[in-house]
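Engineer: Give me coordinates for this.
(one chain, ligands or ions: 1)
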Amino acid sequence: MPKVSVQHLSIIFPLYHGESRSLKRHLGDKFSKWQAGSPSAHLVQDNRDRTVVSVLNDITFEVSPGERVGLIGRNGAGKTTLLRTLAGIYEPVEGRVRLEGTIGTLLDSSLGMNPELTGRENIRLFGLHGGLSQQEVERIDQDVQEFGELGSYIDLPVKTYSSGMKVRLAFGLATSLTPQILLMDEWFLAGDGNFMLKAKERLGSMIEEADILILSTHQPKVLKEWCTRVIWLENGKIRMDGRPEDVLDIYLED
Ligand SMILES: Nc1ncnc2c1ncn2[C@@H]1O[C@H](COP(=O)(O)OP(=O)(O)OP(=O)(O)O)[C@@H](O)[C@H]1O
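Structural biologist: Coordinates of the predicted model:
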């Protein structure tokens with residue numbers, strides 16, 4: 001049975017800028033004021049006296065099949081970092097992250113596509129990477145072509161596509177298979193026009209079929225429509241975890 005388990009997860013990012021070692025000294029008194037007033041990550045000193053950004057701090061939660069979890073929080077609260085850690089892009093500095101089940105990600109528009117290859121070649125690469133059968137690749141090829149309305153561009157390198165065409169290809173590809181666990185950043189809910197109507201419809205059915213959804217968004221409407229549970233992140237910690245109506249009431253007031 002698919003499951004997501006996050007235990008005492010912490011993530012820090014080192015600052016590689018040449019000045020970072022002395023950043024705290026430069027900021028002086030302002031450092032503590034900035035830290036206290038900031039809605040976002042904390043600058044801290046690690047045990048080697050380097051200034052690092054502490055983005056997630058002691059996060060623990062579990063998600064069971066059938067749960068659709070929305071992540072909310074102010075800009076910089078750590079939502080994208082949490083999604084990327086769940087997707088295996090970032091390694092926990094402390095704690096444990098365990099996902100059981102097939103994973104699908106809608107995290108950024110490039111989705112690992114190779115711009116030198118054609119749309120069709122990227123589709124095949126996606127199939128190869130996912131260990132799909134020839135028949136399944138053919139089905140996806142057709143499905144993505146129809147959805148993306150790319151016409152003869154499907155046989156041209158992706159680097160020649162307009163940004164809208166790239167999004168259509170990436171989105172079509174990422175939603176061509178229904179994973180058991182779907183991780184999604186709200187980037188995919190932005191946009192306008194016909195494409196977004198089509199995209200939302202396609203996402204809606206994908207979300208219904210996935211066993212677990214974890215979605216980051218600033219839109220209360222989306223949380224109420226799609227989620228059964230909301231986790232509110234603040235300064236890299238969980239401030240509240242509960243039913244969308246309960247969490248949103250307090251979050252919006254706050
Ligand atoms: N590679 C990095 N190096 C240093 N700091 C980083 C890095 N990536 C993210 N951060 C910092 O971590 C914090 C959390 O970022 P994250 O993108 O996870 O927030 P978010 O909640 O998704 O924000 P938003 O709602 O604006 O998308 C931010 O303060 C950001 O500046």
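Engineer: Show the contacting residues for the residue nearest to Thr160 when sequence neighbours are not counted.
Structural biologist: Of all residues not flanking Thr160 in the chain, Tyr153 sits nearest, at 7.5 Å (Cβ to Cβ, 6 or more residues apart in numbering). Backbone N, C-alpha and C define where each C-beta goes, glycine included. Counting by Cβ atoms under 8 Å, 6 or more residues apart in numbering, Tyr153 touches Gly119, Thr160, Tyr161, Met165.
Engineer: thought the first one was touching Val158?
Structural biologist: Right, Gly119. Yes. At 6.0 Å, Gly119 counts as touching Val158 under the criterion of Cβ atoms under 8 Å.
Engineer: Compare neighbour counts for the two and give me the winner.
Structural biologist: Gly119 (28 against 21; other Cβ atoms under 10 Å).
Engineer: could you list every residue that touches the more buried one?
Structural biologist: Neighbours of Gly119 in contact, by Cβ under 8 Å, 6+ apart: Val144, Gly148, Leu150, Tyr153, Ile154, Asp155, Leu156, Val158, Tyr161, Leu169.
Engineer: cool, Val97 as well?
Structural biologist: With Cβ under 8 Å, 6+ apart, Val97 has these contacts: Ser5, Val6, Gln7, Leu9, Thr85, Leu86.
Engineer: Okay, buried residues for stretch 201-208 please.
Structural biologist: Arg202, Leu203, Met206, Ile207 (16 or more other Cβ atoms under 10 Å).
Engineer: Please, which helix or strand holds the first one?
Structural biologist: Using DSSP states H and E, Arg202 falls within helix 193-209.
Engineer: could you say what helices and strands that helix packs with?
Structural biologist: helix 163-174, strand 181-185 (3 or more Cβ pairs under 8 Å, 6 or more residues apart in numbering; DSSP states H and E).
Engineer: on that earlier part again, now for the contacts of Tyr153: which two are most distant?
Structural biologist: Farthest-apart pair in those is Gly119 and Thr160; separation 9.9 Å (Cβ to Cβ).
Engineer: before we move on, the earlier item: next, find the distance separating the residue nearest to Thr160 from the ligand.
Structural biologist: From Tyr153 over to the ligand the distance is 31 Å, taken as Cβ to the nearest ligand atom, to the nearest Å.
Engineer: Quick check: pLDDT value at that residue.
Structural biologist: Tyr153 carries a pLDDT value of 93.
Engineer: and it, which of the three is it?
Structural biologist: Under DSSP: H, G, I helix; E, B strand; the rest coil, the three-state class of Tyr153 is helix.
Engineer: So it versus Arg120, what's the distance?
Structural biologist: 10 Å (Cβ to Cβ, to the nearest Å).
Engineer: Pro157 and Glu116 touch, don't they?
Structural biologist: Yes. At 5.8 Å, Pro157 counts as touching Glu116 under the criterion of Cβ under 8 Å.
Engineer: Cheers, nothing more for now.
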